[in-house]
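# Okay, structure incoming, though there's no sequence with it:
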């Protein structure tokens with residue numbers, strides 16, 4: 001399942017335009033998921049968010065060190081793909097990485113739902129750490145994948161996630177966290193500065 005949401009522009013649900021308002025924040029995740037299953041949401045936007053859910057949650061109690069290793073593997077697969085497309089490799093950035101990791105941990109601990117909640121706050125904090133030098137940003141999230149290759153393959157089979165991966169970005173941060181049952185949550189933030 002994939003979803004792109006741009007909170008600055010109208011949403012385009014297969015050609016049907018809906019104005020974004022403060023009411024979008026009151027839509028429950030159940031409704032958003034139902035809409036995502038029915039429609040492929042495509043947004044022409046400067047900030048694009050996407051998420052993937054793997055249908056078979058995998059239970060793996062992963063230690064933080066192995067999660068860091070998985071984040072490094074995700075970057076390797078993403079950069080291998082980008083090179084094949086003639087795109088420059090993304091560089092891991094410590095402040096972006098910290099924001100992505102915190103978001104994955106918050107989703108895994110149920111402090112926030114599996115969503116892009118707080119994306120603008122994350123980007124604002126990243127922008128401050130980069131001295132305001134953000135031209136564009138996007139985010140992919142996923143849950144339930146069993147390996148770095150699984151999560152990247154899931155993102156690449158979704159046009160919205162693929163669009164973020166192929167975007168004109170130069171920096172990234174990747175966070176991986178496991179919930180109490182060992183289900184993994186992933187966040188990748190893309191930044192152009």
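Here it is on my side, so go on. What you see is a predicted model; the values in this text were computed from it and never measured.
# State the pLDDT value of residue 5.
We note a pLDDT of 35 for residue 5 in this prediction.
# In space, what's closest to residue 184 - neighbours in sequence excluded?
residue 178 (5.4 Å; CB to CB, 6 or more residues apart in numbering). Where you see a C-beta, it was placed from the backbone N, CA and C, and this is true even at glycine.
# and the one you found, what are its phi and psi?
The phi and psi values for residue 178, taken as degrees, to the nearest 10, are phi -110, psi 140.
# So which elements touch the helix or strand containing residue 79?
Residue 79 is part of helix 64-84 when elements are defined by DSSP states H and E. Helix 64-84 is packed against helix 148-156, helix 159-165, strand 171-178, strand 184-192, with contacts defined by 3 or more CB pairs under 8 Å, 6 or more residues apart in numbering; DSSP states H and E.
# Out of those, flag the one nearest residue 86.
helix 159-165 (13.5 Å; CB to CB).
# residue contacts, residue 98?
residue 173 (CB atoms under 8 Å, 6 or more residues apart in numbering).
# Tell me, what's the model's pLDDT at residue 52?
pLDDT recorded at residue 52 is 46.
# Equivalent analysis for the one 10 residues further on, please.
The predicted local distance difference test score for residue 62 is 38.
# Make CSV out of the helices and strands packed on helix 64-84 and add distance to residue 102, mean neighbour count and mean pLDDT.
Converted to CSV, the helices and strands packed on helix 64-84 look like this (distance: least, CB to CB, whole Å; neighbours: other CB atoms under 10 Å; pLDDT from 0 to 100):
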stretch, distance to residue 102, mean neighbour count, mean pLDDT
helix 148-156, 18, 21, 96
helix 159-165, 19, 21, 95
strand 171-178, 7, 25, 96
strand 184-192, 9, 26, 96
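# could those go into a markdown table alongside distance to residue 98?
Putting the helices and strands packed on helix 64-84 into a markdown table (distance: least, CB to CB, whole Å) gives the following:
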| stretch | distance to residue 98 |
| --- | --- |
| helix 148-156 | 19 |
| helix 159-165 | 19 |
| strand 171-178 | 7 |
| strand 184-192 | 10 |
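# Please name whichever of these is nearest to residue 71.
Nearest to residue 71, of these and by CB to CB, is strand 171-178 at 4.1 Å.
# name the helices or strands packed onto that closest one?
Counting by 3+ CB pairs under 8 Å, 6+ apart, the packing neighbours recorded for strand 171-178 are helix 64-84, strand 91-92, helix 94-108, strand 184-192.
# Now tabulate these in TSV and tack on distance to residue 133.
As requested, these are exported to TSV (distance: least, CB to CB, whole Å):
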stretch	distance to residue 133
helix 64-84	21
strand 91-92	14
helix 94-108	12
strand 184-192	9
